[in-house]
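J.: any chance you can model this:
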Amino acid sequence: MKLKLIETDNKIIEKNYTDFLKDVKADSFFYFHKETSYKNLKDLLDKLQNQGYTVHLREVKTGLDEGAYLYELHIL
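T.: Numbering: from 1, shown residues only. Alright, predicted model coming up:
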């Protein structure tokens, strides 16, 4: 499972699921590039919920264009 994360300086980093889990903490936000597969994000949600996290995923519009969006993941 490949995940494309957006860092604070707008760099795009590709991580797999195991590398991503190293950064997971309660009450943290992660932003994913729109090229990240929605199916992969749903699988990630299921796996995090099975580990006991409460997870919220939403699509955030970043402009007026239909393709201007990213995914925000909030882990509680």
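J.: can you give me the strands in the chain?
T.: Assigned by DSSP state E, the strands in the chain fall at 2-6, 12-16, 28-32, 55-61, 69-75.
J.: any chance of TSV for these, columns mean neighbour count and mean pLDDT?
T.: Where you see a C-beta, it was placed from the backbone N, CA and C, and this is true even at glycine. Supplementary listing: these in TSV, determined by neighbours: other C-beta atoms under 10 Å; pLDDT from 0 to 100:
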stretch	mean neighbour count	mean pLDDT
strand 2-6	17	95
strand 12-16	12	95
strand 28-32	16	96
strand 55-61	12	96
strand 69-75	17	96
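J.: so Asp43 versus Gly63, what's the distance?
T.: Spatial separation of Asp43 from Gly63 under the definition C-beta to C-beta, to the nearest Å is 28 Å.
J.: the two: which is more packed in?
T.: Between Asp43 and Gly63, Asp43 has the larger neighbour count (other C-beta atoms under 10 Å), namely 13 against 8.
J.: spatially nearest residue to the more buried one, not counting backbone neighbours?
T.: Residue nearest to Asp43 in three dimensions, not counting chain neighbours: Met1, with 6.2 Å by C-beta to C-beta, 6 or more residues apart in numbering.
J.: what does the pLDDT read for the one you found?
T.: With respect to pLDDT, Met1 has a value of 83.
J.: distance of Phe29 relative to Lys2?
T.: Shown here: Phe29 relative to Lys2, a distance of 20 Å by C-beta to C-beta.
J.: also Leu44?
T.: 11 Å.
J.: equivalent analysis for Gly67, please.
T.: Counting by C-beta to C-beta, the gap between Gly67 and Lys2 amounts to 20 Å.
J.: then Gly63?
T.: For Gly63, the distance to Lys2 (C-beta to C-beta) stands at 25 Å.
J.: what's the nearest residue to Tyr71 if we skip its chain neighbours?
T.: Leaving out its chain neighbours, the residue that sits closest to Tyr71 by C-beta to C-beta, 6+ apart is Phe32, at 4.1 Å.
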